[in-house]
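Chemist: Need a 3D model of the sequence below.
(2 chains)
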Amino acid sequence: MSKSDVVVIGNGFAGLMSALVSADQGKKVTLLSYGAGTFPLNSGVIDVLGYDDSGKAVANPAQAVGAVADEHPYKKIGTQALEESVKFFQDVVAAEGFPYVGSLNEQQWLITGVGTLKPSCLIPESMQGSKCFEASEIVLVGVKGLKDYYVDMVAENLAKELGNDKKYTVVTVDPHYKGARDLTTKDVASWMDTDAGYSDFVSQVKESAGAGKVIVVPQILGLKGNVVWKKIVAELGCPVVETTAMPPSVNGLRLRDVLLSALKKKGITVIENSKAEEAVIEGSKAVAVKAGGEVRLQTYNADKFIVATGGFYSGGITMRDFGEAKEVIFGLPIECDCVEERWVNKQLFSDKKQTFAKTGVRVDATLRGVNESGNVVLQNVYVAGRNLSGYDFCFEHSGNGVALASAYKAAKA
Amino acid sequence: MELEERARDSADNCIACTSCVAVCPVTKANPDYRGPKLVGPAHNRMHFSDESDYEDSLKLCSNCKNCDITCPNGVSVATLNMLERAKYYKAHPEKHTQADQMLSHNFQMADMLKSIPFGRSCANLGMSIGEAMGMMGAMGIAPQRKSPRFATKYFRELYKEIKQPEGLTKEVLFFPGCFIDVNDPEVGVAFVKVMNANGYKVLMDDRFKCCGSPLVVGGYLDEARSHADSNVAVINEYAAKNIPVIACCTSCSLMLKAEYTELFAQEEMAQAAKNVYDAFEFLTILADQGELKKVQVSSDKKFIYHAPCHLRAQGMGMPAVDLLKEIGVNIDSADAGCCGMSGSYGFHKENYETSMKIGSELFDKINASGAHKVVCDCGTCREQIKHGTNAKTTHPIQVLAKAYEQ
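Modeler: Numbers count the residues shown, from 1 in each chain, chains lettered A, B, ... in the order given. I've put the predicted structure just below:
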């Protein structure tokens, strides 16, 4: 195996973005992947910061990011890298024909799969919930047989969010589905990708569409970028908005496909099903990682390594015995408030962050792991995404934002 | 001895995230299939007692392993499906069809034909007549397909006619696998050429049996176990002599390297696995050590590569493409997912439509590529590609052997 300039470990959003930014710097990149990352699970939207430390909704992410606590990854990444990373991402997806709208100066609004509103920062055009704000009538489309999408509940909750001065109409589309299993949004999206499915769908909602209205649909507008969305908006003559969804998330898969396509164009080598197990260290540098699926490990040599292995949630960090948290490949130093009374906040949806969620690798402003005295342990190993310590992405809605900005900074370093 | 870590226990690692459902080619093509998560891991935690417990879509899994590749938690999803299927057929042997019997036991037919004078020619003729008269459908085999013909000389016979150079000190043992042995022996011949050129003598051992992959998919798990035991004994015998075992078929190598241990959890199997290599995995190791014969190709003929799922599952990238690129071959990966054949799966009449739907993305890419030939390590993938396109196919070892000839 010939040597790479950069080996990226991890196949989630942070991993793919690290690889893309590195390749953009002219580097020869190898990406080690194990599993599909969180793409099939999240909605493929980029939350930068939804709520501040006290749980207050953030109106201007750029401003709020400037005010985070010292321990927060954004503090180390800095607003400049965050701004550049947002531009880089928007350029990449736009070049792939799948543009994302939004900026760091305001929030976008998503309609969730249960009809509530949720702030986010960068979202695909098909998911702009704000289109509903000015509409006089919201037409909510359900799909017969679709699992975990209760259109009446969506209508009821959305009315609570947007007010009863609007009219809410429910239409249920029949996809004439003959299979034996429950439908997922992915199934319906595949149906919408066919000409017959698309025409069938349009013929069933067309009557309810029209000026002044907005059509809200589950995440079903095709699997290929924004192709179906563009077509249907033009055909129905009014905005069409997709909600977020239960897994498998169609928009997560769209984003993954688009990023993989960009990766391929940049000539990045992706090794599938290859779990990084150990590092080869010489002095204060890593020279290789050993990774592999079956039987034997392959050695991947590089000048630089980016660890985007997903922290606790994805096995990048483990804790077999309480207090003994470990970064599994390089043994990077972990920052963790391992005191049993403080470890878990039993009120899951309260106004406090979870201590366990903030566990991660202690890094400096270069995103390299540092020991307690602040000295860098491995000169050429950088950390991105959920491996970083000091934030609770569920609480503050910052998951893909931290992933993007840290990937960018780690790759640029 | 039974291993402590058993793939069948990995169902408990499943967090029901549905990543496997999202990528499963069968789920995408066939709305009757409930998806890997609900068939293997979920069912594994229940027990079949009678037919009423049977999950209808269990038989639709093709064991292509895309679920394993995508699983973030190391669940052996496809193997769990196979174990559930075996459990069902053990309780209901009468449910096996004639097609199951035939497609899982092709090795028996191949051996029998070899023992009859003109057996193979007659069988090939019989297949042509059978296909022309539409008899395959009646046996449960997809009538649209042309069944792979038996070679007039199997590789095990051709091997004896090959004069390997004198004085080769290093040795490897070849595991030809059924398809190369009886249907496509030229791949074996090319392998011998390549290994000889690199200073290795190629050995054969008649005690090797079919790796068992078609038996596992057909639900004949006990038979597969007996094949595994005898193959593993041979492999370990050679391991003791430091002679590596090499396969050119990526489904065979996956079986020997990983699936035996996943299915049966025996220590000897895990031990044997360490002595088994895919051909290009082995050649890459030689290249890394600077021991691979140097050659540079100066043809601009364009090739397109299809990565078999059973290679992708092995977690070592695409060693054949990397190596062929390195020597100057103009080759690019199609990157179009599963071909839909999955060994014997696509030969079943009831799977034909699903199989062709799955392969359509690959067929389109190949047709649009304008490539001179399609390169692929797997014999049944090559059959599917020939059936779904008009392309010519070849094994990467044949491309390398040809490069050595120049």
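
Chemist: Only C-alpha atoms from now on, for both contacts and neighbour counts.
Modeler: Noted.

Chemist: and the longest strand along chain A, which strands flank it?
Modeler: Ranked by residue count under DSSP state E, the longest strand found in chain A is strand A:298-307. With DSSP bridges as the test, strand A:298-307 is paired with strand A:4-9 (parallel), strand A:285-292 (antiparallel), strand A:381-383 (parallel).

Chemist: May I have the secondary structure class of residue 401?
Modeler: Unless you meant another one, I'm taking chain A. helix (DSSP: H, G, I helix; E, B strand; the rest coil).

Chemist: Sorry, I should have been clearer: chain B.
Modeler: helix.

Chemist: so how far is chain A from it?
Modeler: Applying Cα to the nearest Cα, to the nearest Å, the value for B:A401 to chain A is 21 Å.

Chemist: tell me the contacts of that residue?
Modeler: Shown in contact with B:A401 (Cα atoms under 8 Å, 6 or more residues apart in numbering or on different chains): B:190-191, B:193-194.

Chemist: what does the stretch 1-150 of chain A have sitting close to chain B?
Modeler: A:1-2, A:34-37, A:40-41 (Cα under 8 Å from any Cα of the partner chain).

Chemist: tell me the two of those residues that are most distant?
Modeler: A:S2 and A:L41 (34.1 Å; Cα to Cα).

Chemist: Show me which of those two is the more surrounded one.
Modeler: Set A:S2 next to A:L41 and count neighbours by other Cα atoms under 10 Å in any protein chain shown: A:L41 wins out with 21 against 11.

Chemist: circling back: the longest strand of chain A: what's the following helix or strand?
Modeler: Per DSSP states H and E, the first helix or strand lying C-terminal to strand A:298-307 is helix A:311-314.

Chemist: Could you tell me which residues of the stretch 301-406 of chain B lie near chain A?
Modeler: Of all the residues in the stretch 301-406 of chain B, those lying near chain A are B:312-318, going by Cα under 8 Å from any Cα.

Chemist: again, 10 Å this time
Modeler: B:311-319, B:322-323, B:326, B:335 (Cα under 10 Å from any Cα of the partner chain).

Chemist: Which of those residues ranks first by neighbour count?
Modeler: That'd be B:Q314 among these, by other Cα under 10 Å, with 27 neighbours.

Chemist: so what's that one up against?
Modeler: A:271-274, A:292-296, B:65, B:69, B:250-251, B:253-254, B:257-258, B:278 (Cα atoms under 10 Å, 6 or more residues apart in numbering or on different chains).

Chemist: next one: B:I366
Modeler: Contacts of B:I366 (Cα under 10 Å, 6+ apart): B:303-306, B:334, B:336, B:360, B:372-374, B:385, B:388-391.

Chemist: Can you flag the buried ones in these?
Modeler: The neighbour count (16 or more other Cα atoms under 10 Å in any protein chain shown) marks B:303-306, B:334, B:336, B:360, B:373-374, B:385, B:388, B:391 as buried among the contacts of B:I366.

Chemist: Remind me what the helix or strand of chain B with the lowest mean pLDDT packs against, helices and strands.
Modeler: For chain B, using mean pLDDT, DSSP states H and E, the weakest element among its helices and strands is helix B:41-44, scoring a mean of 75. Under the contact criterion of 3 or more Cα pairs under 10 Å, 6 or more residues apart in numbering or on different chains; DSSP states H and E, helix B:41-44 touches helix B:36-39, helix B:77-91.

Chemist: What residue, apart from its backbone neighbours, is nearest the spatially most central residue of chain B spatially?
Modeler: Nearest residue to the geometric centre of chain B (Cα atoms, centre = their mean): B:S251, 2.4 Å. Computed as Cα to Cα, 6 or more residues apart in numbering or on different chains, the closest residue to B:S251 that is not its neighbour in sequence is B:H310, at 5.5 Å.

Chemist: What's the per-residue pLDDT of A:L146 here?
Modeler: Note on A:L146: pLDDT of 95.

Chemist: ok, it - contacts?
Modeler: A:174-175, A:182-188, A:218.

Chemist: mind checking the SS state of the residue nearest to B:S251?
Modeler: Looking at B:H310 with three-state DSSP, the answer is helix.

Chemist: got it, and the one 5 residues further on?
Modeler: Under three-state DSSP, the three-state class of B:G315 is coil.

Chemist: coming back round to it: filter the residues of the stretch 1-150 of chain A next to chain B down to the buried ones.
Modeler: For these, buried by 16+ other Cα under 10 Å: A:34-37, A:40-41.

Chemist: Quick check: the residue of the stretch 301-413 of chain A found nearest chain B vs B:P72, distance?
Modeler: The minimum distance from the stretch 301-413 of chain A to chain B, using Cα to the nearest Cα, falls at A:S314 (7.1 Å). A:S314 is 7 Å from B:P72, where distance means Cα to Cα, to the nearest Å.

Chemist: Show me the common contact partners of these two, please.
Modeler: Common contacts of A:S314 and B:P72 (Cα under 10 Å, 6+ apart): A:34-35, A:37-38.

Chemist: Could you tell me how many residues sit around B:K301?
Modeler: 11.

Chemist: ah, wrong one, I meant B:G370
Modeler: Neighbourhood size, B:G370 [other Cα under 10 Å]: 12.

Chemist: Identify the residue nearest it in space, chain neighbours excluded?
Modeler: Nearest residue to B:G370, sequence neighbours excluded (Cα to Cα, 6+ apart): B:K302, at 7.8 Å.

Chemist: Got phi/psi on the one you found?
Modeler: Note on B:K302: backbone dihedrals following degrees, to the nearest 10 are phi -100, psi 130.

Chemist: Likewise for the one 5 residues further on?
Modeler: B:A307 has phi and psi values of phi -80, psi 120 when expressed as degrees, to the nearest 10.

Chemist: burial of A:G163, as a residue count?
Modeler: For A:G163, the count of nearby residues is 11 (other Cα under 10 Å).
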